[in-house]
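Asker: test case, fold it:
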Amino acid sequence: MYKQFNRPFISLDLGTSNILAYVSGQGIVYNQPSLMAYDVRTNKLIAIGQDAYEMVGKTNDNVRLITPLIDGVIADLDAAQDLLKHIFDRLKMMNFWKNSIVVLACPSGVTELERDALKMVAKDMGASLVVVEEEVKMSALGAGVNIEMPMGHLIVDIGGGTTDIAIISAGDIVISRSIKVAGNAFNEEILKYVRAEYNISIGSKTAENIKKSIGSLVKYPNERSIQIYGRDIISGLPKEVTVNSEEVRNILLGSFSKITDLVIEIMENTPPELAGDIMKNGMVLCGGGALVRNIDKYFFDIFQLPTKIAADPLNCVIEGTKAYEKIILKRVESGEYDASQETYLQTLKK
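Answerer: Numbers count the residues shown, from 1 in each chain. Next up, the predicted model:
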């Protein structure tokens, strides 16, 4: 089947925090932060990915840091094109784009216009068929859920820019919602708290380090504190303060309450038969936010549903697109997608 069409398969997880790329036969060929640094004077790209991330909060006026994808949506089309070209140029794989079949994973709330912008980038790179799928559906596949069965599954994908929640059954999404409360929003709330409580200004990287080091949603044994450094907003001098686990937990609980409210909304609109399935199958947690300590216990205590964290929550989306390759090629063979023309055809779910 694959040889019949002789088209490379490429998938991209276009995340707010990280970009991952998979090429059939090559595996995951790129996994870097979604950041780019440009020289303001020449508009030349000077750093990308991890190199650009290391520059956060440490640049001068001649350097401009750009996140081309915000909340899974292209905010800067030129930068997004530069990003994709760099990924495959660096890996000497530009020829893989020609006549390729490309799957782009995006959040549930992306509009048709935003989908068109995503598709245009891949088309300009030479892709023949571009399919845009929701990240939460790919996450379910990547977490090992058999989505093809007529059985309801509740998926919560907490990424960097958005949290996507969906009920999936019989191979597709029954109902889904997306909220812009996720990893970056958690960092921002920590940053605001430290400024208000201790009168010091910290950067987003420090806030993220606090979240990863001592963040939790349920009290745990041997909780500890962390020393952080920032700038005193009154004197302007460097200052050190200590933040403890309970403080960070209270910050995170405020943000997670919005996610739980969305889960409740989803459940209230779920068909009764699928609700019964979810009572048995429970909830699957994916995305970087699933790494917050005791998140499974937090959701279980609220909903009394079996709660499972995916084995590799950070890579669920890209792993799901790898599993989706067989489904796409089968659809091409059946005529659902026309891979012989450089056009994008909507999936039959529409």
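Asker: contacts, neighbours, all on C-alpha from now
Answerer: Will do.
Asker: tell me the contacts of Tyr324?
Answerer: By C-alpha atoms under 8 Å, 6 or more residues apart in numbering, the contact set of Tyr324 is Met138, Leu141.
Asker: and it, what pLDDT?
Answerer: Predicted confidence (pLDDT) at Tyr324: the value is 91.
Asker: now name the helix or strand holding it.
Answerer: helix 316-334 (DSSP states H and E).
Asker: list the buried residues for that helix?
Answerer: By neighbour count on 16 or more other C-alpha atoms under 10 Å, the buried set for helix 316-334 is 316-322, 324-325, 328-329, 332-333.
Asker: which of those residues sit farthest apart?
Answerer: Of all pairs drawn from these, the one with the longest distance (C-alpha to C-alpha) is Cys316 and Glu333, at 26.4 Å.
Asker: before we move on, the earlier item: reformat the buried residues of helix 316-334 as a markdown table; add distance to Asn99.
Answerer: As requested, the buried residues of helix 316-334 are exported to a markdown table (distance: C-alpha to C-alpha, whole Å):
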| residue | distance to Asn99 |
| --- | --- |
| Cys316 | 26 |
| Val317 | 23 |
| Ile318 | 21 |
| Glu319 | 23 |
| Gly320 | 22 |
| Thr321 | 18 |
| Lys322 | 18 |
| Tyr324 | 18 |
| Glu325 | 15 |
| Ile328 | 15 |
| Leu329 | 14 |
| Val332 | 13 |
| Glu333 | 16 |
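Asker: got the contact list for Pro150?
Answerer: Contacts of Pro150 by C-alpha under 8 Å, 6+ apart are Ser169, Ala170, Gly171.
Asker: what do you get if the cut-off is 6 Å, keeping everything else the same?
Answerer: Shown in contact with Pro150 (C-alpha atoms under 6 Å, 6 or more residues apart in numbering): Ser169, Ala170.
Asker: now it: how far from Asp157?
Answerer: 21 Å (C-alpha to C-alpha, to the nearest Å).
Asker: quick one: the nearest residue to Met138 once chain neighbours are set aside and Lys98, what's the gap?
Answerer: If you skip the residues right next to it in sequence, Met138 has Gly320 as its closest partner in space, 4.4 Å away by C-alpha to C-alpha, 6 or more residues apart in numbering. As judged by C-alpha to C-alpha, Gly320 and Lys98 stand 23 Å apart.
Asker: quick one: buried residues of stretch 215-222?
Answerer: Here stretch 215-222 shows Gly215, Ser216, Leu217, Val218 as buried, counting by 16+ other C-alpha under 10 Å.
Asker: next one: stretch 143-158
Answerer: Under 16+ other C-alpha under 10 Å, the buried positions of stretch 143-158 are Ala143, Val145, Asn146, Ile147, Met151, Gly152, His153, Leu154, Ile155, Val156, Asp157, Ile158.
Asker: rewinding a little: you'd agree the residue nearest to Met138 is up against Gly144?
Answerer: No: in this structure, Gly320 is not within contact of Gly144 by C-alpha atoms under 6 Å, at 8.3 Å.
Asker: if we can go back for a sec, and of the buried residues of helix 316-334, the nearest to Glu133?
Answerer: Thr321 (9.1 Å).
Asker: and the pLDDT for the closest one?
Answerer: 94.
Asker: for Gly25, same thing?
Answerer: 86.
Asker: repeat for the one 4 residues further on
Answerer: Confidence per residue is given as pLDDT, and for Val29 that number is 88.
Asker: buried ones in the helix or strand where it lies, by neighbour count?
Answerer: For Val29, the host element (DSSP H and E) is strand 27-33. Buried residues in strand 27-33, defined by neighbour count with 16+ other C-alpha under 10 Å: Ile28, Tyr30, Asn31, Gln32, Pro33.
Asker: next up, the contacts around Ile233.
Answerer: Going by C-alpha under 6 Å, 6+ apart, Ile233 touches Asn199, Ile200.
Asker: go with 10 Å
Answerer: Counting by C-alpha atoms under 10 Å, 6 or more residues apart in numbering, Ile233 touches Arg195, Tyr198, Asn199, Ile200, Ser201, Ile202, Lys239.
Asker: kindly report the same for Val40.
Answerer: Contacts of Val40 by C-alpha under 10 Å, 6+ apart are Asp61, Asn62, Val63, Arg64, Leu65.
Asker: would you mind checking those residues for buried ones?
Answerer: Buried residues within the contacts of Val40, counting neighbours by 16+ other C-alpha under 10 Å: Val63, Arg64, Leu65.
Asker: now the last one. Nearest residue, chain neighbours left out?
Answerer: Counting by C-alpha to C-alpha, 6+ apart, Ala37 is the residue found nearest to Leu65 once chain neighbours are left out, at 4.5 Å.
Asker: the one you found: what secondary structure?
Answerer: Here Ala37 is strand, with the state taken from DSSP: H, G, I helix; E, B strand; the rest coil.
Asker: still on that earlier bit, which among the buried residues of helix 316-334 gets closest to Ile179?
Answerer: Nearest member of those to Ile179, counting by C-alpha to C-alpha, is Val317, at 17.4 Å.
Asker: and the gap between that closest one and Asp164?
Answerer: Distance of Val317 to Asp164, computed by C-alpha to C-alpha: 12 Å.
Asker: no further queries at this time; thank you.
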